[in-house]
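> Curious how this folds, go ahead:
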Amino acid sequence: MKKVTVFFDLEGWWESPVRPRFDVVKTVSSIVKVLDKYNVKAVFNTCGKIVEDYPDLVLKLSKEGHEIASHGYLHEVFNQLSHDDLDNVLEKTENIIKKIIGEKPIGIRSPGLIFNDTVYDVFRSRGYKWVSNRNMQFCELFNRPDKSSVLHSIATIGSKFQNLFYPKKPYKVNGLLEIPLQSSLETDLLGIVSLEQKSSEEWLTSAFNGLKKQYLRSHDYFNLNFHPWLIGTQNRLRLLNDILGYIHLKEAKFVLAGELLE
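Numbering: from 1, shown residues only. Prediction:
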């Protein structure tokens, strides 16, 4: 039976100058309703600032069985920080999370999936057990409605070559369990659209078909990767509902990142 993990990078409007304010509680609550429909527990890679501003929301997520992981405090670019500065940022975030849910996170994802050796050294020194940063440009990214058929053909060849060497499941590296992304971020498939704007039928269908192809192409493990500020606004919850419904019919087993350590 294929194992599937659902990740959400839980960030705020303050980390992007082009992102307008959105209702964090309403957005996440709407997402959880879809997760509950399919009895799915998800991993929320959560910024410390979110935990500070919305402690009741994060506590509720934790009590309901979702996993809270670290995503930095203010969505910092980790590889731009010194070893000591990153260590301080992560310690601050861990303390904030522990104060609310009673335990420090065991997993972490770098904002922007950006990292270097120093970043991983700090992760290990702080006792993290899993990390999810490894990514590739899946060919479905180039099959969006705004891409040409020629570009898609060229990209498909390149992506298939990369896929030969890309890990198909989580793997241990220097004391950490690396959980590579097995699907495109929804920001890649849907584009960075205004949060007040609905996604068109063409884009939603293209994104769903892309995720479905990636699921079918995966081996014994798969994951989905979303941002509440995008997938939870306007009509884009439909994409989350449709792909979870599709995977649910395949009788896959939904698991948390922490469960992959067992």
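> Just the endpoints, please. Distance across stretch 104-112?
22 Å (C-alpha to C-alpha, to the nearest Å).
> so where do the strands sit in the chain?
3-10, 43-46, 67-70, 107-108, 130-131, 171-173, 176-178, 221-226, 253-254 (DSSP state E).
> Now mean pLDDT and mean neighbour count too, for these, in CSV please.
C-betas here are computed from N, CA, C, even on glycine. CSV is the format used below for the strands of the chain (pLDDT from 0 to 100; neighbours: other C-beta atoms under 10 Å):
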stretch, mean pLDDT, mean neighbour count
strand 3-10, 98, 24
strand 43-46, 98, 27
strand 67-70, 98, 25
strand 107-108, 98, 26
strand 130-131, 98, 24
strand 171-173, 93, 11
strand 176-178, 98, 18
strand 221-226, 98, 23
strand 253-254, 98, 14
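> Relative to residue 27, tell me which of those wins on proximity.
Among the strands of the chain, strand 3-10 comes nearest to residue 27, with 9.6 Å by C-beta to C-beta.
> Show me what that closest one pairs with in its sheet, parallel or antiparallel.
strand 43-46 (parallel), strand 221-226 (parallel), strand 253-254 (parallel) (DSSP bridges).
> Run through who's touching it.
28, 31, 35, 40, 42-47, 50, 71, 109, 111, 132, 179, 220-228, 231, 244, 247, 252-257, 260 (C-beta atoms under 8 Å, 6 or more residues apart in numbering).
> per-residue pLDDT, residue 150?
Reported pLDDT at residue 150 in the predicted model: 61.
> oh, I was asking about residue 162
pLDDT, residue 162: 70.
> Equivalent analysis for the one 3 residues further on, please.
According to the model's per-residue confidence, residue 165 sits at a pLDDT of 83.
> quick one: it and residue 67, what's the gap?
As for residue 165, its distance to residue 67 is 29 Å (criterion: C-beta to C-beta, to the nearest Å).
> cool, residue 232 as well?
Distance from residue 232 to residue 67, by C-beta to C-beta: 18 Å.
> And for residue 81?
Distance from residue 81 to residue 67, by C-beta to C-beta: 25 Å.
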